[in-house]
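*Asks:* 3D model of this:
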Amino acid sequence: MTSDSQIRGALLKYWGFQSFRPRQASVVRSLLDGHDTCVVMPTGGGKSLCYQLPAALLEGKTALVISPLIALMQDQAAQLAQMGIPAAVLNSSLAPAEQTEITRAACAGKYRLLYVSPERLARADTAVWLGKVPISFFAIDEAHCISEWGHEFRPDYRQLSRLRVEFPDCPIAAFTASATRHVRHDIIEQLQLKNPDKYIASFHRANLRYIVKECNSFDQMELLVNAVRRHAGSNVIVYSPTITRVAQTIAYLEHNGIAAIGYHGRMDPPTRRRNQELWTSDQVRVLVGTIAFGLGINKASVRAVIHLSLPKSIEQYYQEAGRAGRDGQPADCILLWQKQDAGLLAHFIGQIEDPVEKERAWQRYHKIRTFVDSRNCRHRQICVHFGENPKWTSCGACDVCGCGPEWLGARAPVAESGRRDRKRKRRKSNAPPPASQPAEVDSGLREYLREWRRTAAKERSVPAFVVMHDSTLDNLCQRKPRTLSELREVRGFGPLKTETYGEEILAALKRYDKR
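*Replies:* Numbers count the residues shown, from 1 in each chain. Below is the predicted model of the structure:
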């Protein structure tokens, strides 16, 4: 049995973290003990570590990770390689000889994690070689896709029900960020999880400010420019409803002196990859994309997510808006919608032929309309939708609760006496405490190290976040280590990362001091 000290030792060795986030330790223990597990954590809650860490500790065995996005799988495998954890991705973009070599190595137990898509798992030839792999457990990412009640149902996920039949003794762990109580029950039923351990984190993201505004097309674009300018120098995601609108929005922003790049499903993969890397490495701060952008994006310091149309469901909105503020610092989630959005959603629902699926789509439609039209606390509406029952009724962090920005036509900032009144009101309604403010960071040093990170990532042909997460970079700027042992105290620096980048980082810090 793996001891707690071994678990914490691996956390420090590979991730450079001294402590776990809420529920992570329990999930890790559950998988190491061989239990089926259902995990619901918000975006940025650290789901990937929950299956990567136990996989790293189970020597000679391989955790099979089923994920829907090739780019996400490749990024995670690259990051694991930087940490010294053997991992591989098996997908159709690889040459046949390379696929054969990966399957051979997997059968020999050379990987701690092997990433595959649900489509690959459904292939008949996969079952032949997979039976020879020493599997530790199955980890199913974006597990809500298996449920017809979910907002992103994918038929290929239904094939995953075969895992229990073909591998009856292998633990199965399901992970998702956006599943209602009904969907959670369906996930457990579809995957035939046996008396699973359940870990359901709160859906309340206290550091996010939800702002919803109905507007016309002209006002929408003016408000968009205002919002982006308010977050100048920070990373922003703008969600556009169509590919055409992506191009129009980029042109409008650039006409107003704001650099932006696009991302959508019809771009060729190299262009999508390049644009994503330009954004994640901070070379271009604003990315305008369709809903094709964002799944698995490992960018912690997004300060605003702006929607330019009504999402089709609360789950979709929560998942996309939740890509803001993953570092725990305050961030804005702004929804600028028009009446015509509702008509367009209704039009598409009318084209659904399956009467059961059409009814589910209408239910989602009515719930998102209630969310935007209601004058009840936005945070509370989201929590209730996902099955929570908060004791508080006012959050102090949404437009309904008086926290809308002045530039959006909301209430202007109040005087000091007004702030005292609002604090009394917050206490009276049992509102959750406000999010903590970010610690002071030398902006010049941060930009200097970002440039170093861009160069280091380019030299190694990896995404910038693989070299160093944004939160790690900020902690580095705060601590300003002078020795390798001091660098090890920076959150995110384990032995291998310190060995790989330590001397370069210390040299960069010295160069900055001499400027």
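*Asks:* shaky segments in the stretch 201-350 of the chain?
*Replies:* 294-296 (pLDDT under 70).
*Asks:* rerun at 50
*Replies:* For the stretch 201-350 of the chain, applying pLDDT under 50 flags no range at all.
*Asks:* how about the strands of it, start to end?
*Replies:* Counting by DSSP state E, counting those that start in this stretch, residue ranges of the strands within the stretch 201-350 of the chain are 208-214, 235-239, 260-263, 286-289, 302-307, 331-337.
*Asks:* dump these into TSV; add distance to Glu142 and mean neighbour count as well.
*Replies:* Quick note: C-beta positions are derived from backbone N, CA and C, even for glycine. Formatted as TSV, the strands of the stretch 201-350 of the chain follow (distance: least, C-beta to C-beta, whole Å; neighbours: other C-beta atoms under 10 Å):
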stretch	distance to Glu142	mean neighbour count
strand 208-214	21	23
strand 235-239	18	25
strand 260-263	19	20
strand 286-289	18	26
strand 302-307	19	24
strand 331-337	20	25
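*Asks:* closest one to Glu503 among those?
*Replies:* Of all the strands of the stretch 201-350 of the chain, strand 235-239 sits nearest to Glu503, with 28.7 Å by C-beta to C-beta.
*Asks:* next, count neighbours for Arg266.
*Replies:* Around Arg266 there are 10 other residues, counting by other C-beta atoms under 10 Å.
*Asks:* how close does it get to Ile250?
*Replies:* 15 Å (C-beta to C-beta, to the nearest Å).
*Asks:* again, but for Asp4
*Replies:* 50 Å.
*Asks:* the more surrounded of the two?
*Replies:* Ile250 (20 against 9).
*Asks:* does the more buried one touch Tyr263 like I think?
*Replies:* No - in this structure, Ile250 is not within contact of Tyr263 by C-beta atoms under 8 Å, at 10.3 Å.
*Asks:* now do the shared contacts for these two.
*Replies:* Counting by C-beta atoms under 8 Å, 6 or more residues apart in numbering, the shared contacts of Ile250 and Tyr263 are Val288.
*Asks:* you'd agree Gln329 is up against Asn207?
*Replies:* Yes - because the distance of 6.1 Å satisfies C-beta under 8 Å, Gln329 is recorded as touching Asn207.
*Asks:* need the helices for the stretch 101-250 of the chain, in chain order.
*Replies:* For the stretch 101-250 of the chain, applying DSSP state H, counting those that start in this stretch gives helices covering 118-122, 124-130, 155-158, 162-166, 181-190, 217-230, 243-255.
*Asks:* just the CA coordinates of the last one, formatted as CSV?
*Replies:* What follows is helix 243-255, C-alpha atoms only, in CSV (Å, rounded to 0.1, in the frame of the first residue of the first chain):
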residue,chain,number,x,y,z
ILE,A,243,-16.6,31.4,-37.9
THR,A,244,-17.7,34.5,-39.9
ARG,A,245,-18.2,36.4,-36.7
VAL,A,246,-14.7,35.4,-35.5
ALA,A,247,-13.2,37.2,-38.5
GLN,A,248,-15.5,40.2,-38.2
THR,A,249,-14.7,40.5,-34.4
ILE,A,250,-10.9,40.4,-35.0
ALA,A,251,-11.2,43.0,-37.7
TYR,A,252,-13.3,45.3,-35.4
LEU,A,253,-10.8,44.9,-32.5
GLU,A,254,-7.8,45.6,-34.8
HIS,A,255,-9.6,48.6,-36.2
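*Asks:* for it, which residues meet the burial criterion?
*Replies:* 243, 245-246, 249-250, 252-253 (16 or more other C-beta atoms under 10 Å).
*Asks:* which strands or helices does it pack on?
*Replies:* helix 217-230, strand 260-263, strand 286-289 (3 or more C-beta pairs under 8 Å, 6 or more residues apart in numbering; DSSP states H and E).
*Asks:* a markdown table for the ones you listed, including distance to His366?
*Replies:* Shown next, in a markdown table, are the helices and strands packed on helix 243-255 (distance: least, C-beta to C-beta, whole Å):
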| stretch | distance to His366 |
| --- | --- |
| helix 217-230 | 23 |
| strand 260-263 | 30 |
| strand 286-289 | 27 |
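*Asks:* these: which one's closest to Glu152?
*Replies:* Comparing the helices and strands packed on helix 243-255 by C-beta to C-beta, strand 286-289 comes nearest, at 16.3 Å.
*Asks:* quick check, distance from that closest one to the centre of its chain.
*Replies:* The chain centre lies 16 Å from the centre of strand 286-289; the measure is C-alpha atoms, centre = their mean, to the nearest Å.
*Asks:* now do stretch 378-395
*Replies:* Relative to the chain's own centre, stretch 378-395 is displaced by 21 Å; criterion: C-alpha atoms, centre = their mean.
*Asks:* which one, of the helices of the stretch 101-250 of the chain, ends up nearest to Thr62?
*Replies:* helix 124-130 (10.0 Å).
*Asks:* following the worst-scoring helix or strand of the chain on mean pLDDT, which helix or strand comes up?
*Replies:* Least confident helix or strand of the chain, by mean pLDDT, DSSP states H and E, is helix 416-428 with a mean of 42. Remark: after helix 416-428, the chain's next helix or strand is helix 443-460, criterion DSSP states H and E.
*Asks:* count of residues packed around Lys510?
*Replies:* Neighbours around Lys510, by other C-beta under 10 Å: 10.
*Asks:* got it, and Asp470?
*Replies:* Asp470 has 23 nearby residues by other C-beta under 10 Å.
*Asks:* which residues touch it?
*Replies:* 299-301, 327.
*Asks:* can you flag the buried ones in those?
*Replies:* For the contacts of Asp470, buried by 16+ other C-beta under 10 Å: 299-301, 327.
*Asks:* OK, contacts around Tyr501?
*Replies:* With C-beta under 8 Å, 6+ apart, Tyr501 has these contacts: 456, 467-468.
*Asks:* repeat that for Gly60.
*Replies:* So Gly60 contacts 109, 134 (C-beta under 8 Å, 6+ apart).
*Asks:* correct me if wrong: Glu486 contacts Arg479.
*Replies:* Yes - assessed by C-beta under 8 Å, Glu486 is found in contact with Arg479 at 7.0 Å.
*Asks:* what touches both of these two?
*Replies:* Common neighbours of Glu486 and Arg479 (C-beta under 8 Å, 6+ apart) do not exist.
*Asks:* quick one, the helix or strand containing Cys477 and strand 302-307 angle?
*Replies:* Assigned by DSSP H and E, Cys477 falls within helix 470-479. Calculated by axes from the mean of the first three to the mean of the last three C-alpha atoms, to 10 degrees, helix 470-479 forms an angle of 150 degrees with strand 302-307.
*Asks:* quick check: domain ranges of the chain?
*Replies:* Following automatic domain parsing, one gets these domains for the chain: 4-200, 208-428, 443-513.
*Asks:* Arg454 contacts Val284, correct?
*Replies:* No - if you go by C-beta under 8 Å, Arg454 and Val284 don't touch, sitting 11.7 Å apart.
*Asks:* out of those two, which sits in the more crowded spot?
*Replies:* Arg454 (18 against 15).
*Asks:* tell me how far the more buried one lies from Glu277.
*Replies:* Separation of Arg454 from Glu277 (C-beta to C-beta) stands at 9 Å.
*Asks:* give me the common contacts of those two.
*Replies:* Common neighbours of Arg454 and Glu277 (C-beta under 8 Å, 6+ apart) are Ala464.
*Asks:* follow-up on the earlier one: return the subset of the buried ones among the contacts of Asp470 lying in helices.
*Replies:* Using DSSP state H, no member of the buried ones among the contacts of Asp470 falls in helices.
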